[in-house]
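J.: quick one, fold the following:
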Amino acid sequence: MSLTTVLGFDFGTKSIGVAIGQQITGSATPLASIKANDGIPKWEEIGMLIEEWRPDLIVVGLPLNMDGTEQDMTQRARKFANRITGRFGVKTATQDERLTTADAKARLFEMGGFKALSKGQVDSMSAVLIIESYFENQY
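T.: Below you'll find the predicted structure:
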């Protein structure tokens with residue numbers, strides 16, 4: 001089965017950015033930012049996104065230290081990915097997300113100045129970059 005639709009998540013303890021991507025174009029679009037309580041989202045919101053977009057794969061950003069070593073958030077993001085697979089039966093992958101937040105802020109600033117830099121927009125743009133870097137690493 002070839003992948004076509006990918007749902008991306010930028011995992012955080014207070015907010016989880018979401019984006020949708022198409023492998024054919026290698027691009028992604030920001031969707032939303034879901035509130036989380038200490039890393040636990042409202043699972044029904046994630047279920048509704050999966051129901052609506054029917055992704056072939058879900059990519060979760062993996063926060064690593066700059067030297068590539070793991071941190072507390074790395075394990076939490078992995079657990080989040082595993083829970084998605086367990087709850088919804090959708091295949092998940094993780095993608096190194098070092099620098100995506102900084103890149104997301106830069107991209108949003110180019111598009112709309114400081115007004116574009118709300119936390120939710122940064123998180124969903126980070127999810128876009130996670131999907132795009134996942135696509136780049138497939139070739």
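J.: show me where this protein has helices.
T.: Taking DSSP state H, the helices of the chain run over residues 43-53, 72-88, 100-112, 119-137.
J.: pick the most deeply packed of those.
T.: Mean neighbours per residue, mean count of other C-beta atoms under 10 Å, is largest over the helices of the chain for helix 119-137, with a mean of 23. C-beta coordinates here come from the backbone N, C-alpha and C atoms, glycine included.
J.: what lies in contact with it?
T.: For helix 119-137, the external contacting residues (C-beta atoms under 8 Å, 6 or more residues apart in numbering) are 6, 8-10, 12, 15-21, 23, 26-33, 59-61, 93, 95-97, 100-101, 103-105, 107-108.
J.: contacts for stretch 69-83 next, please.
T.: 9, 11, 13, 16, 39, 58, 60-65, 92-94.
J.: among those, name the ones in strands.
T.: With strands taken from DSSP state E, the overlap with these comprises 9, 16, 58, 60-62, 92-94.
J.: top of those residues by neighbour count?
T.: Greatest neighbour count in the ones in strands among the contacts of stretch 69-83, by other C-beta atoms under 10 Å, goes to Gly61: 31 neighbours.
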